[in-house]
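Colleague: next one to model:
(chains A, B, C and D)
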2 protein chains.
Amino acid sequence: MAQIRDVAKLAGVSPATVSRAYSDPSKLSESTLHRVMAAADELKYKPSSLAQLFREKRTNTVLVMVPDIANVLFARVVSGIERVAVENKYNLIVSDTGDNAEIETVGVEMVETYRADGVIQLGERPLSELHPEGEQCTIPFVQAISADPRGRYPTVGIDDRKAAAAMGSYLLSQGHRRIGVLAGLENRVVTQERLAGFKDSLALADVTFDEVAVEYDTYSMAGGERAATRMLSRKDDLTALFCMSDEIAIGAIRAAHDQGFILPRDLSISGFDNIEFGKYCTPPLTTVMQPAEQIGEVAMSLMCDTLRGQTLPKAHEMLPTELVVRASVQKLP
Amino acid sequence: MAQIRDVAKLAGVSPATVSRAYSDPSKLSESTLHRVMAAADELKYKPSSLAQLFREKRTNTVLVMVPDIANVLFARVVSGIERVAVENKYNLIVSDTGDNAEIETVGVEMVETYRADGVIQLGERPLSELHPEGEQCTIPFVQAISADPRGRYPTVGIDDRKAAAAMGSYLLSQGHRRIGVLAGLENRVVTQERLAGFKDSLALADVTFDEVAVEYDTYSMAGGERAATRMLSRKDDLTALFCMSDEIAIGAIRAAHDQGFILPRDLSISGFDNIEFGKYCTPPLTTVMQPAEQIGEVAMSLMCDTLRGQTLPKAHEMLPTELVVRASVQKLP
DNA sequence: ACATTCATTACAAACGGTTTCATTGCAAGC
DNA sequence: GCTTGCAATGAAACCGTTTGTAATGAATGT
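Modeller: Numbers count the residues shown, from 1 in each chain, chains lettered A, B, ... in the order given. As a prediction, this is how the structure comes out:
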């Protein structure tokens, strides 16, 4: 590969001039610029990014930590991040962490070893748990999806509690009173938030929450299927299931269907997230829209701001959600 | 951030010694090593990857070009790539190219500007179309999913033609004779291959192919819904639909359902790829399993081999597919 | 006691650019 | 005609590591 001095020699100028031809062509005379570019062309010269970045001490790269890249919701967020990254000439290193603290710690270290300029975290773990300095850590960090308003770094997400309450209220408005909850993993913040929101809606309508009617499992179709099976064999008087993700709801639909329920006549099921597939379920899924791509876009914008040195004092963006009414929840007579 | 010379000074040694403390501790005396490490610890020193990589002229990074990261199949392949990448200490830069030739060209250039050591392409475009030197180009390149046995670089994928033929034969074995084809984008190699395979199966069974019974659209649920709607309004004597992806099939199920078809009684529908959702469709989707994660794993392994200088003469791995029989295809009486 | 060997460690060059500062030459101003 | 100012360019330092080579000193052999 040709280097800058080869080009300089061929063009009869100094390396500095060649460098300037790329970084600020206006500094060169017409004729020199032309000569340099011709020489560069002939030698097929391309500046080594590695050398440039080394000198600049920046990588133009942002690390995205995703708990599971094969999850459609996360994939859509990454898609949004990507779009803004390209606009701003940043590269993305994507790391599928499997929600593993150790892998995430290594990820954060990449900033200190100059492999990435900053980190966007799609998981729930806050920076303070991933760095020995804890709260003092000043790494450019943005947390997406699971917004943590107490954190000292920018955050984007939705108001899970409010959104869950909205869905709860909708179910109540349709006449449902005995509602089972198919929750995700119990130790997740998002699970607790959505559960709290659901309880809020019950309290608001003076309906007592049935502590027994909660089943926890993984955030997946298989988890939803298992949870629903357990729930339906335990409680036979439910008229609706409040599922904490569309995937859980889809698993629940399968389970209910297999147990002979005619949907939505015998049982209403609501989802959460609004993944594309929900629209194509039978019955189509009533759910809460979460603006995944937009969350990604805002997250990357915040990262860009941070890297430009704009210390956003407290950027905790809560993006709006929306109730998506389809057929899987039915109005009781 | 502390640098190597700070550590050297504190430990009372030269920078070279500190460097060796990390790269080959056995070269140092017990006491020196201990002193260096203590100093490094105290200063919280971490070697700058940027400087290291610059010197090594390697990035330990592989670029993955994905036509659409939000597509579940691609996401699963990336997941497989990721797994092997981590094992081999490589980072992944993921680029969502939107199947855009220009973006892909820029991606390939990243190797020449030392931003990545090699490229894994999940799209169909071969390297020769993405580099001015065409066939002569010697960039480390692996093509996954759409295997191109004529290319001069390693390739992993499935035998689309054979797999499609297997599904065609299965439909025929279930008594179907009037089968509509819901194809993906017409200009894609994969579309042509799967169509050819389907025709192969008809020829084998002496069934004549109905040229009219093909509808092209995008590889998506919306595309499948549109294609199915067109197809069903045009041909009313079909007993089955051969869909070129699960997403198309899922869209087709919706369309058929909306037109009053009872599935699978009135119409059989087959998919392709075996994405997770297929199992949760109503009716559950009969499809062809494509080992997505494994394709990713093999692709990254091939990339590692290439980067280690093992010039694999002709590595065109064809991974096995499998017919997944579920309920969406019914046996005709 | 001196030469030889070997284990440690230091010195300095190299990686490929960018950037600061200095120099040159030419045009304009007095 | 001499100074001044500016545009164009070059020389050299610098970014933070790694590594080849040289130097040092202790241990060994004769």
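Colleague: C-alpha from now on. contacts and neighbour counts both.
Modeller: Will do.
Colleague: pLDDT value on whichever residue of the stretch 101-250 of chain A sits closest to DNA strand D, please?
Modeller: DNA strand D sits closest to A:T113 of the stretch 101-250 of chain A, with a gap of 7.9 Å, by CA to the nearest atom of the strand. Listed pLDDT for A:T113 reads 93.
Colleague: burial of it, as a residue count?
Modeller: 18 (other CA atoms under 10 Å in any protein chain shown).
Colleague: return the distance of it relative to A:V189.
Modeller: Between A:T113 and A:V189 the computed distance is 30 Å (CA to CA, to the nearest Å).
Colleague: now do A:S128
Modeller: For A:S128 relative to A:V189 (CA to CA), the value is 16 Å.
Colleague: now do A:D305
Modeller: On the measure of CA to CA, A:D305 and A:V189 end up 27 Å apart.
Colleague: equivalent analysis for A:D258, please.
Modeller: 31 Å.
Colleague: which of those two has more neighbours?
Modeller: A:V189 (16 against 11).
Colleague: so who does the residue in the stretch 1-150 of chain A positioned nearest to DNA strand D touch?
Modeller: Using CA to the nearest atom of the strand, the single residue of the stretch 1-150 of chain A nearest to DNA strand D is A:V13, 3.2 Å away. By CA atoms under 8 Å, 6 or more residues apart in numbering or on different chains, the contact set of A:V13 is A:V36.
Colleague: let me see the mean pLDDT of stretch A:83-91.
Modeller: On average, stretch A:83-91 scores 95.
Colleague: and chain B, is that stretch touching that?
Modeller: Yes. Legend: contact between stretch A:83-91 and chain B by CA under 8 Å from any CA of the partner chain is shown at A:N91.
Colleague: now stretch A:31-49
Modeller: Yes. Using CA under 8 Å from any CA, stretch A:31-49 reaches chain B at A:K46, A:P47, A:S48, A:S49.
Colleague: can you tell me the closest non-neighbouring residue to A:F198?
Modeller: Once flanking residues are discounted, A:F198 sits nearest to A:A165: 4.7 Å by CA to CA, 6 or more residues apart in numbering or on different chains.
Colleague: can you list contacts of the helix or strand bottoming out on mean pLDDT in chain A?
Modeller: Within chain A, confidence by mean pLDDT, DSSP states H and E is lowest for strand A:316-319 among all helices and strands, at a mean of 90. With contact meaning CA under 8 Å, 6+ apart, strand A:316-319 is reached by A:A147, A:D148, A:P149, A:P154, A:T155, A:V156, A:G157, A:I158, A:D159, A:P291, A:I295.
Colleague: coming back round to it: the nearest residue in space to the residue of the stretch 101-250 of chain A closest to DNA strand D that is not next to it in sequence: what's it in contact with?
Modeller: Computed as CA to CA, 6+ apart, the closest residue to A:T113 that is not its neighbour in sequence is B:S48, at 4.7 Å. Neighbouring residues of B:S48 by CA under 8 Å, 6+ apart: A:E112, A:T113, A:Y114.
Colleague: now do the helices in chain A.
Modeller: In chain A, the helices defined using DSSP state H lie at A:4-11, A:15-23, A:30-43, A:49-56, A:72-87, A:101-112, A:160-173, A:189-204, A:221-234, A:246-258, A:292-307.
Colleague: can you tell me which of these is most buried?
Modeller: helix A:246-258 (a mean of 26; mean count of other CA atoms under 10 Å in any protein chain shown).
Colleague: residues in chain A within reach of chain B, list them.
Modeller: A:46-51, A:53-54, A:57, A:59, A:69-72, A:75-76, A:78-79, A:82, A:91-96, A:112-115, A:250-251, A:254, A:277, A:280-282.
Colleague: now do 7 Å
Modeller: Within chain A, the positions near chain B by CA under 7 Å from any CA of the partner chain are A:46-51, A:54, A:69-70, A:72, A:75-76, A:79, A:82, A:91-94, A:113-115, A:250-251, A:254, A:280-282.
Colleague: ok, and which of these reach DNA strand C?
Modeller: A:K46, A:P47, A:S48, A:A51, A:F54 (CA under 7 Å from any atom of the strand).
Colleague: burial measure for A:N274, as a count.
Modeller: 24.
Colleague: mind listing what it touches?
Modeller: A:D246, A:T287, A:V288, A:M289, A:Q290 (CA atoms under 7 Å, 6 or more residues apart in numbering or on different chains).
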